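>>> attaching a predicted model along with its sequence, questions to come.
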Amino acid sequence: MDDLVCIEGLSKVHYGAGLLKRRARTVRAVDDVTLTIGCNTIMGLVGESGSGKSTLARAVLYLDRPSAGSVEIDGLNPAVLSRAQMKLFRQRAQIVVQDPHAALNPRRSVAASVAEGLRNRGVPRCARERRVAELLEMVGIPARRGRDHPEQFSGGQRQRIVIARALAMDPRFLILDEPVSSLDVSIQAQIINLLLDLKHQLALTYLFISHDLNLVAYISDSIAVMKQGRIVEQGDAADVIAHPQQAYTQMLFQSAPRLFDTDPGRR
Amino acid sequence: MKPRIATAARVVLWCTLLYIGTLALVAIAAPLIAPADPLVQNIPARFSSPGTAGYPLGADDFGRDVLSRIIFGARAALLVGLVSVGIALLLGLVTGLAAGLLEGPVDSALMLLMDAVLSFPTVLLAITVVSVFGYGLPQVMAAIGVIFSPLFARIVRAETLTLKQEPYVMSAHALGTPLRRIVSVHLLPNMLPKIVVQCTVTFALAIVIEASLSFLGLGAQPPQPSWGLMLRSARNYLLDAPWLAFYPGLAIGLTVFSFNLLGDLLNELLQIRR
Amino acid sequence: MRRLPFSILAALIAASIYAGGAPEAARPQGDTLRFALSGNPDTLDPQATQGTLTFQVLRSVYDTLVEPDHDGRIVPALAESWQVSTDNLSWTFQLRRGVSFHNGDRLTAADVAATFARLLDPGLGSPHAKEFASLREIRTPDEYTVVFELDHPYSPLLSSLATGWSAILPRSLIAAQHDFAAHPVGTGPFRFEQWIRDNRIALLRNPDYWIPAVPIVERVHFNIITEVAVQVQGVLTGDLHIIDMVGPTDIARIERDPRTRLDTGLSSLVMVLAINTRRDPLSDLRLRRAINHAVDKQSILDVAYAGGKVIGTFMDYGDPYYVDLADLYPYNPQRARRLVAEAGAAMRTLDLVLPQNYEPHVRAGEMYQQMLAEVGFDVRIRLVDWSTWLADVYAGGNFDLTVIGHTGKLDPDGRLSMFESDNNYVGWTDPHAAEMIRAARRVAGFEERRALYRDVLQLLAEQVPFVFVGSNYRYIAMRENVEGFHMDAKLDTYDLRRVRLR
Ligand SMILES: Nc1ncnc2c1ncn2[C@@H]1O[C@H](COP(=O)(O)OP(=O)(O)OP(=O)(O)O)[C@@H](O)[C@H]1O
Ligand SMILES: [Mg+2]
């Protein structure tokens, strides 16, 4: 199978603020991470809070410049891209950020938020409006609600809008940073189903971040386990679930509420 | 209980807005409203007391109409407020955004500079600046603008640092939105409430400082009608013509109080919304 | 019964009143005159400063060879008499005998010679040295005769010798490099006791003063009080006997109070609206005359300067050389407008520079602006601080109009020498006037000099480099029990010798 995403030796160090004590407050949030994600697969990334998952996601997309290592997505290495090529990279790889409540600018209509990427790509205004309507319908939001502001939507609806915003770029690779963890259980299922549907329709590849190993086990093809910035275990989803090598992985697995393993039908 | 307090606050807010609105109108339409030319002297009428025919609020030591001078003084006060707050806001935005967006040594250097400016007593610094660059309202406005820019810079920097971490700003980045647009669409509108509050408070401060400097003879220059300058010449006649000090003092007090009150109310109002 | 003649009766009664003892005992012991001084003097060395505050104190500590009397005439002091040679080149002074310094030294001609040697010593750098530039040498033919030999005739010398900086110092202390700046020693009516900075300068009566039974009060305290309001309060409560800073608004209060009294006199200041005759529109005499007619001088004096007298000339009213030119340019806006029209119809924009620290001048400036606007001038006010005024206006000539007061000078040459060339801030001179100014320096007789200066003053008034507005009143407030106080308006100093507290 072709690999869409290759991450090699990626590290990200956060330096503390201040003039004098910079070294003292240094945090190695991501430490020498190497991962590959196959085309049209889902990789689950699990780890406890603070283990560096979100930091890794940002570094992979070059939203924060990594301290070391390289990234290649669909053959594009952002470290060496020109400004024009970088635009292409931004189209190929998108992120659905954690916390849907803060993922949308409260001062803009959701249509404007969804249209943001289209505008950046230079899509003309009328085509933009049409496409925004399409995208909203695609994620199950009535197009006429486009002029409403985020505060008028529920958490689940907002997450749908965030997904639509990412899809507007026609990406091939999507990082989903805990897309459901702040939602009600019933809504979680709806969003997960939407994501799986979209993956099939649009031939997407996901990096699915969660600290819920059960959920990850339910949807992933492969799993990586993260602890204190490092990948401590990585492999085929079934293997990792069946034979967790690390006590840490077992702990994660046990502490998670069991929800999806009763209904493995959709895999 | 709660809605009653809110109603009271709303009434106060409307009163404040009404006062400020009236003041702005008076300032704009001063030549139409003022009963007399604020500069024309009439020596025989000097020290006419309030209520004298033709001098509703009395006449000053040159026989000029106090009411007309108060009305034209509103112009000076609001102009100083607007211009100096404008300058402070502009400088504060540029430095605050630069510090917040670039971080690192640029941030440290800029903030050190701003702290240095802030650590001087404001009025003293204004006096120094005006003494170097000459007396007059334009210099005063520039001085106040520069001196208060750190207040804005700090707010803008802090807001930039916070908003930069907001998921929607990160998403915009991921969507390839250019920095210019991130600033104008995502950062500025979301820091607006805090900036507006700071503007009203600074506006009040600017009016006080203009009045103080003019009182010291460093700001508005005679015969320009300015409240501070009116107080300055009135201080010689406190016993014989107290109204010369009373009306400009009242105008300064009310205006400063209104802007401060507006700042407080907006602060509360905008915080509830967030 | 034999009747005593009335005169003898009166004499008897008078004698019985004084029978209590000698005049010494009749004076209340330990009475102190408390005087408000508006700041610390920069120094108490009379040769090292031009500061008025210094001379206000030192007038009571030192004497000069000659001094102005209450009418401004120069009269003997430490010199009993003087003669001028026919070529006006040597001035001979006979010193008073039996005068002693506060340190016990007897005054002799050597002290006078040493005093002026010190004044002219470049090492001291006295700001007054240039006034004695004509001096070739000082001879002391005997102990009580001093001869000033001049290079060229210089009549203003006599006035210079009457000013505070010509105070006579003891030779022995000059030789000993005594610190006159902190501890003055003279022959004056009071001896220096102490100077507590920011608090007071205390003087003690000199019992050996050369005028018998003078001075009268035992002590003088110059209390240093910078605030006008505090001074006024002080005289109202009786903490102070005399204050010389009375604001226009305090006048009524002091007059109302039965325990205080107001001494009103014309100052020696000549208030002017100075006109830059070098600059273009104002180089036209018609416009300068228009400005003069446009100014209501009495109104300016009343409103801006708290009252005064219109004089119309560059010599103060009390001066022996005063010429009455007050009616030369009466207030007449119509005539002013005609003159402006004659000079050309264009709107004239003028730069009026005001020294912002001097509020009366600023207020006068506001009035000039309005008065000139009425006859067709567009006057823009520009306020500057004092140092800028000196550098930019007075030295730099960068102005169209400015407002200032010229202080009095003992000799007319002091006021008028600046017009010898156009090297003055208004840029005015006149060949004839310059010749007369030079001539007046060479002749010694008062009448001859007066004739010359009269013509100079006439020219100056006609040519209008200034609008001579007038002199302001100056107000001195004192307790009603103060008697014998005299202020010398010209020197801006006080004669406390005959002050008595009833
Ligand atoms: N900008 C930053 N500066 C300094 N330290 C940071 C910064 N961002 C994150 N960190 C630190 O890096 C580590 C990893 O944080 P990160 O947000 O990537 O964790 P996470 O695995 O996403 O956690 P969660 O499950 O709570 O989202 C944490 O210790 C965090 O405190
Ligand atoms: Mg995270």
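That came through fine. Ligands and ions are numbered 1, 2, ... in the order given.
>>> what's the longest helix in the chain?
No chain was given, so I picked chain A. The helix spanning the most residues in chain A, taking DSSP state H as the definition, is helix A:185-202.
>>> actually, chain B is the one I wanted.
helix B:66-102.
>>> show the subsequent helix or strand relative to that helix.
Counting by DSSP states H and E, the next helix or strand C-terminal to helix B:66-102 is helix B:104-119.
>>> run through the neighbouring helices and strands of that following helix.
Judged by 3 or more CB pairs under 8 Å, 6 or more residues apart in numbering or on different chains; DSSP states H and E, helix B:104-119 is in contact with helix B:66-102, helix B:137-164. C-beta here means a position set from N, CA and C on the backbone, and glycine is covered the same way.
>>> how about those, which one is nearest ligand 1?
Evaluated with CB to the nearest ligand atom, these place helix B:137-164 nearest to ligand 1, the distance being 9.5 Å.
>>> and that closest one, anywhere near chain A?
No: contact of helix B:137-164 with chain A (CB under 8 Å from any CB of the partner chain) is absent, the minimum separation being 9.1 Å.
>>> got the contact list for the helix or strand that that helix is followed by?
For helix B:137-164, the following helix or strand on the C-terminal side (DSSP H and E) is helix B:167-174. Helix B:167-174 is contacted by residues A:58, A:61, A:63, A:90, A:93-95, A:97-99, A:102-105, A:113, A:116, A:162, A:165-166, B:163, B:181-182, B:185-187 when judged by CB atoms under 8 Å, 6 or more residues apart in numbering or on different chains.
>>> tell me which of those residues fall in helices.
A:58, A:90, A:113, A:116, A:162, A:165-166, B:163, B:181.
>>> ligand 1: which of these is nearest?
Closest to ligand 1, out of all of the ones in helices among the contacts of helix B:167-174 and judged by CB to the nearest ligand atom, is A:Arg58, at 7.8 Å.
>>> re earlier: helix or strand next in line after the longest helix of chain A, which one?
On the C-terminal side of helix A:185-202, the nearest following helix or strand under DSSP H and E is strand A:205-209.
>>> and the residue lying closest to C:Ser126 once chain neighbours are set aside, how far is that from C:Ala176?
Closest residue in space to C:Ser126, ignoring its immediate chain neighbours: C:Gln47 at 4.7 Å, by CB to CB, 6 or more residues apart in numbering or on different chains. Distance, C:Gln47 to C:Ala176, using CB to CB, to the nearest Å: 16 Å.
>>> which one's more surrounded, those two?
C:Gln47 (24 against 9; other CB atoms under 10 Å in any protein chain shown).
>>> how about the secondary structure of that one?
coil (DSSP: H, G, I helix; E, B strand; the rest coil).
>>> was I right to think B:Ala76 contacts B:Met230?
No: assessed by CB atoms under 8 Å, B:Ala76 is found out of contact with B:Met230, at 10.2 Å.
>>> out of these two, which sits in the busier spot?
B:Met230 (27 against 24).
>>> which residues touch that one?
Per CB under 8 Å, 6+ apart, neighbours of B:Met230: B:60, B:66, B:69-70, B:73, B:244, B:247-248.
>>> possible to save the residues you listed as a markdown table with neighbour count and pLDDT?
What follows is the contacts of B:Met230, written out as a markdown table (neighbours: other CB atoms under 10 Å in any protein chain shown; pLDDT from 0 to 100):
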| residue | neighbour count | pLDDT |
| --- | --- | --- |
| B:Asp60 | 26 | 91 |
| B:Val66 | 27 | 94 |
| B:Arg69 | 27 | 94 |
| B:Ile70 | 22 | 95 |
| B:Gly73 | 30 | 94 |
| B:Leu244 | 26 | 92 |
| B:Tyr247 | 22 | 94 |
| B:Pro248 | 29 | 94 |
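>>> among the residues you listed, which pair sits farthest apart?
B:Gly73 and B:Leu244 (12.6 Å; CB to CB).
>>> which residue ranges of chain A form helices?
A:53-60, A:83-92, A:110-120, A:125-138, A:155-167, A:185-202, A:213-219, A:237-242, A:247-255.
>>> and the pLDDT for whichever residue of chain B sits closest to ligand 1?
Per CB to the nearest ligand atom, B:Gln165 is where chain B lies closest to ligand 1, at 7.2 Å. Predicted confidence (pLDDT) for B:Gln165: 87.
>>> burial count for it?
Neighbours of B:Gln165 (other CB under 10 Å): 10.
>>> same for the helix or strand of chain A with the lowest mean pLDDT, what does it pack against?
The weakest-scoring helix or strand in chain A, judged by mean pLDDT, DSSP states H and E, is helix A:247-255 (a mean of 75). Helix A:247-255 is packed against strand A:42-47, helix A:213-219, strand A:222-227, strand A:230-236, with contacts defined by 3+ CB pairs under 8 Å, 6+ apart.
>>> so is the third one next to ligand 1?
No: with CB under 6 Å from any ligand atom as the threshold, strand A:222-227 lies outside contact range of ligand 1, at a closest distance of 6.9 Å.
>>> in its sheet, which strands sit next to that strand, and in what direction?
strand A:42-47 (parallel), strand A:230-236 (antiparallel) (DSSP bridges).
>>> adding distance to ligand 1, mean neighbour count and mean pLDDT, write the ones you listed out as TSV.
Listed next are the strands paired with strand A:222-227 as TSV, based on distance: least, CB to the nearest ligand atom, whole Å; neighbours: other CB atoms under 10 Å in any protein chain shown; pLDDT from 0 to 100:
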stretch	distance to ligand 1	mean neighbour count	mean pLDDT
strand A:42-47	6	26	92
strand A:230-236	12	17	91
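>>> next, the buried residues of the longest helix of chain B.
Applying a neighbour-count criterion of 16 or more other CB atoms under 10 Å in any protein chain shown, one finds B:66-78, B:80-85, B:87-89, B:91-93, B:95-101 buried in helix B:66-102.
>>> what's the answer for stretch C:349-357, then?
Result for stretch C:349-357 [16+ other CB under 10 Å]: buried residues C:350-356.
>>> confidence-wise, which of the residues you listed comes last?
C:Gln356 (81).
>>> count of residues packed around the closest residue to that one other than its chain neighbours?
Leaving aside its sequence neighbours, C:Gln356 sits nearest to C:Leu383 (CB to CB, 6+ apart; 4.0 Å). Residues near C:Leu383, counting by other CB under 10 Å, number 22.
>>> now do the SS call for C:Leu383.
On the basis of three-state DSSP, C:Leu383 is classed as strand.
>>> hey, what's it bridged with?
C:Leu354.
>>> thought it was touching C:Arg363?
No: counting by CB under 8 Å, C:Leu383 does not reach C:Arg363; the two are 11.9 Å apart.
>>> can you put the helices and strands packed on helix A:247-255 in TSV and add distance to C:Ala373?
Formatted as TSV, the helices and strands packed on helix A:247-255 follow (distance: least, CB to CB, whole Å):
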stretch	distance to C:Ala373
strand A:42-47	82
helix A:213-219	86
strand A:222-227	83
strand A:230-236	85
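>>> so for C:Ala461, which of the helices and strands packed on helix B:104-119 sits nearest?
Comparing these by CB to CB, helix B:66-102 comes nearest, at 37.1 Å.
>>> good, we can wrap up now.
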